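Trainee: Need a 3D model of the sequence below.
(chains A and B)
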Amino acid sequence: MKIRTFGRHIRESLKSLVRNGWMTFASVSAVTVTLLLVGVFFVILMNLNEMANSLEKDVQIKVFAETTATEEQLDSLESQLKSIREVESVNFSSKDNELKALAESMGEDGKVFVELFQESNPLSDVFIVKAKDPLDTMKVAKKIENFDYVEDVRYGKGVVEKLFNVLEVSRNVGIVLIAGLFFTATFLISNTIKITIVARRREIEIMRLVGATNGFIRWPFFLEGIWLGILGSIIPIVLITTVYDEFYNTLAPKLESSFIQILETTPFDYQVGGLLLLLGCLIGAWGSLMSVRKFLKV
Amino acid sequence: MMIIMKDVYKKYPNGVVAANGIDVQIDQGEFVYVVGSSGAGKSTFIKMMYREEKPTKGTIIVNGIDITKLKNRKVPIFRRSIGVVFQDFKLLPKLTVYENVAFALEVIEESPRTIKRKVMEVLDLVNLKHKARMFPGELSGGEQQRVSIARSIVNNPMVVIADEPTGNLDPESTKGIIEIFEEINSRGTTIIMATHNKEIVNTRKHRVIAIEDGMIVRDEQRGDYGYEN
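Mentor: Numbering: from 1, shown residues only, chains lettered A, B, ... in the order given. Presented below is the predicted three-dimensional model:
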């Protein structure tokens, strides 16, 4: 396409935006609302995902050996653990070690504790087992429970599963809601374009008569849809990135010490912005194509 | 450019048969009146020539190409070889006379220089150069139709098809329009004109094709209108 022609298409499409006034406003608002929700859901989901990932890394199985187990028996247990296919690593932590860790977690009172139990440590030797895939944790733990010399098996039962459930549910709710809004927005855009087409039916008729190509006739309408989408994405992008920055700046320092992490603003803001802009264009293009196909028999 | 229709039938979805076995040949450079009462099938006959309507059966060959088999996306290029004029002018009221004519070239992506030259040429031909900056609403019906004719020929088509171009005009304007068509015809362009104007057909003699009930009932060189209306 010639640059001059493209310039003409852009002029024509912008003219229609102004001429359609209220319909432009309505469809831009619909895109805005849709993208705001999409954006908020996206931010929440991505952060839940990040949290799940960081939690996953911490999921480990603690295998408590029987206190009566001998060195040899412990060795055989260790090699048994290592032979499980899904297991990534097995670390040994002696009962003394465990006592020290326990004491440390109790602070000042811990010292008394250590002295008290120095001679007859009631704790068990522990193997710390990590599964290759955190989702296999439960399966591995079940297997270990049946091994000899095992007193008890503990792992972050349910935490990961719960988080995944939350993720799953919110994702499904989000998708349904967004799909509904998506259709409303496309519908409104296709209506706006329809009005443009009706307002210009004489022009279109003449264009067809004198041999303008179908592409030439369609382009301005297509562009109009894209403008509507882009205009609709401005407010969501600005609002969501600003609010997220604010949110991150207040929350991140507080979370520093915990194992939960939220996504850093720098690449994330651009990702959100890019996604929303792309979605805006998609909604606009789709809406306009629907109406062009329906009302412009070219 | 020769136009040939072979055994053409056209039945609309509502059951109306507008063409019922039409065979005709129109040679390059001819001037043809298409006459017949309202609803006889004149418009359909004409519309099928520039592929606004497709026949249900039969072939229509324009310039060696069977346009009934023409792919949709190739229709625009085909249309550029045919100019069309209507009873209601079909001008864009918000554009000036000049812009209305230029529009036809802009949308087929002609260069600005070519557009300017060609538009001024045809406005000169239809005697409206001095009104180039006026809007259609400021012109008489005859003048508006001349703008419409200028637009139809600005791309140098081989054929100009007119569907009752003088239907809304007074006798004086009608005469002017016919003179312009004859001028265009004298330069080698085929003119096909559907009309109800008995006087014009009888005084300015050309080939007459009469259509009734979707059939050609008469086809005479230098014919008469032949109806008492």
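Trainee: CA only for contacts and neighbour counts going forward, please
Mentor: Will do.
Trainee: Packing partners of the helix or strand bottoming out on mean pLDDT in chain A?
Mentor: Per-element confidence for chain A was summarised using mean pLDDT, DSSP states H and E. The lowest value among helices and strands belongs to helix A:108-117, with a mean of 74. Of the remaining helices and strands, those touching helix A:108-117 by 3 or more C-alpha pairs under 8 Å, 6 or more residues apart in numbering or on different chains; DSSP states H and E are helix A:95-106.
Trainee: list the helices and strands the helix it packs on packs on?
Mentor: For helix A:95-106, the packing partners by 3+ C-alpha pairs under 8 Å, 6+ apart come out as helix A:108-117.
Trainee: Name the helix or strand for the residue of chain B found nearest chain A, please.
Mentor: Nearest residue of chain B to chain A (C-alpha to the nearest C-alpha) works out as residue B:76 at 4.0 Å. Secondary structure assigned from DSSP states H and E places residue B:76 in helix B:75-79.
Trainee: Please work out which residues outside that helix touch it.
Mentor: Defining contact as C-alpha atoms under 8 Å, 6 or more residues apart in numbering or on different chains, one finds that helix B:75-79 is touched by A:208-214, B:50-51.
Trainee: Neighbour-wise, which one of these leads?
Mentor: For the contacts of helix B:75-79, counting by other C-alpha atoms under 10 Å in any protein chain shown, the largest number of neighbours falls to residue A:210: 27 neighbours.
Trainee: Please name the residues that touch that one.
Mentor: B:76, B:79-80, B:82-83, B:104, B:108, B:152.
Trainee: circling back: would JSON lines of the contacts of helix B:75-79 with pLDDT be doable?
Mentor: Written out in JSON lines, the entries for the contacts of helix B:75-79 read as follows (pLDDT from 0 to 100):
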{"residue": "A:208", "pLDDT": "89"}
{"residue": "A:209", "pLDDT": "89"}
{"residue": "A:210", "pLDDT": "90"}
{"residue": "A:211", "pLDDT": "89"}
{"residue": "A:212", "pLDDT": "88"}
{"residue": "A:213", "pLDDT": "87"}
{"residue": "A:214", "pLDDT": "86"}
{"residue": "B:50", "pLDDT": "93"}
{"residue": "B:51", "pLDDT": "93"}
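Trainee: Redo those as a markdown table? Include secondary structure.
Mentor: Shown next, in a markdown table, are those (DSSP: H, G, I helix; E, B strand; the rest coil):
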| residue | secondary structure |
| --- | --- |
| A:208 | helix |
| A:209 | helix |
| A:210 | coil |
| A:211 | coil |
| A:212 | coil |
| A:213 | coil |
| A:214 | helix |
| B:50 | coil |
| B:51 | coil |
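Trainee: how about the residues you listed, which pair is most distant?
Mentor: Between any two of these, the greatest separation by C-alpha to C-alpha is 16.2 Å, found for A:214 and B:50.
Trainee: And for residue A:201, the neighbour number?
Mentor: Neighbours of residue A:201 under the rule other C-alpha under 10 Å: 14.
Trainee: quick one on the thing from earlier: min pLDDT across the contacts of residue A:210, which one?
Mentor: In terms of pLDDT, residue B:108 ranks lowest among the contacts of residue A:210, with 89.
Trainee: which SS state does that one fall under?
Mentor: Reducing the assignment to helix, strand or coil with three-state DSSP, the entry for residue B:108 is coil.
Trainee: Touching, it and residue A:211? I think so.
Mentor: Yes - the pair residue B:108 / residue A:211 is scored as a contact, 6.7 Å apart, by C-alpha atoms under 8 Å.
Trainee: ok so residue B:61 is a helix residue?
Mentor: No - if the criterion is three-state DSSP, then residue B:61 is strand and not within a helix.
Trainee: For burial, what's the neighbour tally of it?
Mentor: Neighbour count of residue B:61, defined by other C-alpha under 10 Å: 18.
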